[in-house]
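Chemist: turn this into a model:
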Amino acid sequence: IYLQRLCEKEPRLASLLYYYIEYGKPVRQSREVIAALKIESAERELQEANERLNLHVENSPMAIVEWDSSFRVTRWGGQAEQIFGWKDKEVLGKKPLEWKFVYEEDLAVSNVIEKFQSGKEVRNITTLRSYKKDGSVVYCEWYNSILFDKSRKPLSLLSLVQDITDRKRAEKEILELNAELEQRVAQRTAELNSLIEAIPDLIFVVDSESRVTYCNDIFAKAMGFEKKEEIINRSPTDFLAQEQAEQFIKQNREIFHSTQPVHKSEAVIFPNGKLYHLDTIRVLLVNDQQQVYAVLGASRDITELVKIRQELQARTIQLEIANHELQSFSYSASHDLRAPLRAIEGFSTALIEDFPESLNEEARDYLKRIHEATKRMNQLIDALLALSRVARTEMMFEHVSLSRIAEEVVEELKQRELQRRVEITIKPDLYVEGDPRLLRVALENLFDNAWKFTSKKKFTKIEFSTAISSDDKVVYFIRDNGAGFDMAYADKLFGEFQRLHSTNEFNGTGIGLATVKRIINRHGGRVWAESEPNVETTFYFTIES
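Modeler: Take a look at the predicted model:
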């Protein structure tokens, strides 16, 4: 073997040796010298090569283990001691199971010993768990190869061993992380499915061919299926009428060419034959490569809402008719009713002025009463017209200062009776969102009410402020120290022409508080009153608009 390797490297030396061996004749002295020099040089190079090889082996990051035909260790080099902890003198000549070097079950699974001893070719990579000298376990990859002689008889088994413990540990950690991640994904998926199933809308996902790839139970049942699994991968033509299916497919195709969500309300006939009104929004689904792969849709059943809307439209028409009739009545009240009143007032006045000597004192009193009654009737007509305008006026919402309106109203009241002793307190910075014209009318009536019913007091006290209700809402109030009323009649207080005091005591039409109630109701609030006769009266109201 040595000469063969030498001759492969030096062809001229091979020819020389062949001549010498074949013919048994000496060659010329020069050739013999050359041959001797060649052999010496080759031996030196071979020795250097062996030294370099041994150096590479010992410095190799892998362990090098060689076994004889009895599977005993004949070589223990490379990083074998560093990996396993045993020195070569502790393991040479031993079989692997004699010092519990590897797991017996791993060695059996690898089937290396049987193949080696049977003379079969072995060139494989096997992962074995091995015991280190300190008793710990190390995972290694074994690169095994059988060395044969010329007659194909196995000489030894050469194993290159690499420590993969860190890699195995990392793989285990990755597997554990993957398992944990899969568990979390499964949990989140279950939570998402539960959330989707709890949504009362019809949820569906379709591909580019409009085949259903996902849906919730509500959608499946609406399409005539007991379970959502039965509708997966089905085309709309499988569960919708042809016209409805074509419309469904068309809408899905349109969204594939759009970059924005598509929102649409439509009437759909479900497989059960009923007509439903749906409010549907469709959005595109994209993958990590920003490629569109599906359409997500959510349809809300607005059938009842459409029905209510239609009823509201019908009621609106009825209200418009009623408003028109009310306007006609207002016109009639403003013109037709005033005409006879003007005649009565005019003739009664003419009688007093034209026939002063013909009328006795009693007749004059009757005519005066007629005149006052017509005047009061005119006031009632004006109040009714004002009340009807409150109901018809279109509201214009603004940021309104109730404090400022109250100050203006109080200043007007003071100018009427400069001699009155009054103490009026108005809380500053009271703001609401509402119609400034209507809110002024409401405050005018409330302050006018307080001013009127405190007129018989020597000292008038009126307060406008706020309080907090039991449900944490702001309540506005106007409190006075006037005549008050019996709370047993409080339910009549805000009705039209309902008066708790006679006109002889306090004048008025009985429309003011009814007007206040309508204005507050139009602002989404409510109004009520509390009173103790001759002590105190408080009117409360809320604004919810």
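
Chemist: for E66, give the beta-bridge partners.
Modeler: Note on E66: beta-bridge partners by DSSP bridges are R75, L158.

Chemist: residue contacts, it?
Modeler: V73, T74, R75, S156, L157, L158, S159 (CB atoms under 8 Å, 6 or more residues apart in numbering). To be clear about C-beta, it is placed using only N, CA and C from the backbone, and glycine gets the same treatment.

Chemist: ok, 7 Å please
Modeler: Each residue near E66 by CB atoms under 7 Å, 6 or more residues apart in numbering is listed here: T74, R75, S156, L157, L158.

Chemist: just the buried ones among those, please.
Modeler: Taking 16 or more other CB atoms under 10 Å as the criterion, what is buried in the contacts of E66 is R75, S156, L157, L158.

Chemist: those residues: which two are farthest apart?
Modeler: Spanning the widest gap among these are R75 and L157, at 10.4 Å by CB to CB.

Chemist: list the buried residues in stretch 81-101.
Modeler: E81, I83, F84, W86, V91, P96, F101.

Chemist: repeat that for stretch 243-253.
Modeler: Within stretch 243-253, the residues that count as buried by 16+ other CB under 10 Å are Q244, A245, F248, I249, Q251, N252.

Chemist: make JSON lines out of those residues and add pLDDT.
Modeler: Shown next, in JSON lines, are these (pLDDT from 0 to 100):
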{"residue": "Q244", "pLDDT": "87"}
{"residue": "A245", "pLDDT": "89"}
{"residue": "F248", "pLDDT": "89"}
{"residue": "I249", "pLDDT": "89"}
{"residue": "Q251", "pLDDT": "88"}
{"residue": "N252", "pLDDT": "87"}
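
Chemist: in helices only, show me the residues you listed.
Modeler: Q244, A245, F248, I249, Q251, N252 (DSSP state H).

Chemist: residues in contact with the fourth one?
Modeler: What it means is I249. S210, P236.

Chemist: again with the third one
Modeler: Residues counted as contacts of F248 (CB under 7 Å, 6+ apart) are S210, P236, L240.

Chemist: distance to V516, pLDDT and neighbour count for those residues - can I get that in CSV?
Modeler: Shown next, in CSV, are those (distance: CB to CB, whole Å; pLDDT from 0 to 100; neighbours: other CB atoms under 10 Å):
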residue, distance to V516, pLDDT, neighbour count
S210, 60, 91, 20
P236, 59, 91, 21
L240, 57, 89, 20
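
Chemist: re the thing from before, could you work out the most separated pair of the buried residues of stretch 81-101?
Modeler: Pairwise distances across those (CB to CB) peak at 15.9 Å, for the pair E81 and P96.

Chemist: for P96, what are phi and psi?
Modeler: Dihedral angles of P96 (phi, psi; degrees, to the nearest 10) stand at phi -60, psi -30.

Chemist: tell me how far the spatially closest residue to it that is not a sequence neighbour lies from N233.
Modeler: Distances taken as CB to CB, 6 or more residues apart in numbering put V102 closest to P96, at 5.1 Å, once the chain neighbours are dropped. To N233, V102 is 52 Å away according to CB to CB, to the nearest Å.

Chemist: which of those two has more neighbours?
Modeler: Neighbour count, other CB atoms under 10 Å: between V102 and N233, V102 has more, with 18 against 10.

Chemist: tell me the bridge partners for that one.
Modeler: Bridge pairing for V102 - DSSP bridges - gives S130.

Chemist: in contact with it, which residues?
Modeler: P96, L128, R129, S130.

Chemist: can you tell me how far it is from A108?
Modeler: From V102 across to A108, the span is 10 Å (CB to CB).

Chemist: hang on, the earlier thing: which ones among the buried residues of stretch 81-101 lie within helices?
Modeler: Mapping those onto helices (DSSP H) picks out E81, I83, F84, V91.

Chemist: among those, which one sits closest to E407?
Modeler: Of those, the one sitting nearest to E407 (CB to CB) turns out to be I83, at 96.2 Å.

Chemist: my guess is the closest one contacts D163. True?
Modeler: Yes. In this structure I83 lies within contact range of D163 using CB atoms under 7 Å: 4.9 Å.

Chemist: so for these two, which residues contact both of them?
Modeler: V138.

Chemist: quick one: low-confidence parts of the stretch 401-545 of the chain?
Modeler: Along the stretch 401-545 of the chain, the parts satisfying pLDDT under 70 run over 495-510, 545.

Chemist: repeat the analysis, applying 80 as the threshold.
Modeler: For the stretch 401-545 of the chain, the stretches with pLDDT under 80 are 486, 488-492, 494-512, 545.

Chemist: now do the strands for it: every range, in order, please.
Modeler: Ranges of strands in the stretch 401-545 of the chain, per DSSP state E, counting those that start in this stretch, are 422-426, 431-434, 460-468, 474-480, 527-532, 536-541.

Chemist: closest to F256 out of these?
Modeler: Closest among these, using CB to CB: strand 431-434, at 44.7 Å.

Chemist: OK, contacts around the nearest residue to E266 once chain neighbours are set aside?
Modeler: Using CB to CB, 6+ apart and skipping residues adjacent in sequence, the residue nearest E266 is L278, 5.9 Å away. By CB under 7 Å, 6+ apart, the contact set of L278 is E266, V268, S299, R300, D301, I302.

Chemist: can you verify my assumption that the second one contacts T280?
Modeler: Yep, that's V268 we're talking about. No. Applying CB under 7 Å as the test, V268 and T280 come out as separate, 8.8 Å apart.

Chemist: follow-up on the earlier one: so which of the contacts of V102 wins on neighbours?
Modeler: Of all those, the highest neighbour tally under other CB under 10 Å goes to S130, namely 23 neighbours.

Chemist: tell me who's in contact with it.
Modeler: F84, F101, V102, V138, C140.

Chemist: before we move on, what about R364?
Modeler: I352.

Chemist: how about A529?
Modeler: Here A529 is in contact with A490, L493, T537, T538, F539 (criterion: CB under 7 Å, 6+ apart).

Chemist: adding neighbour count and distance to E345, write these out as TSV.
Modeler: Putting those into TSV (neighbours: other CB atoms under 10 Å; distance: CB to CB, whole Å) gives the following:
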residue	neighbour count	distance to E345
A490	14	36
L493	20	31
T537	22	35
T538	17	39
F539	23	35
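
Chemist: closest one of the residues you listed to E372?
Modeler: Using CB to CB, L493 comes nearest to E372 of those, at 25.8 Å.

Chemist: so the closest one sits against L513, correct?
Modeler: Yes. Under the criterion of CB under 7 Å, L493 makes contact with L513 at 5.9 Å.
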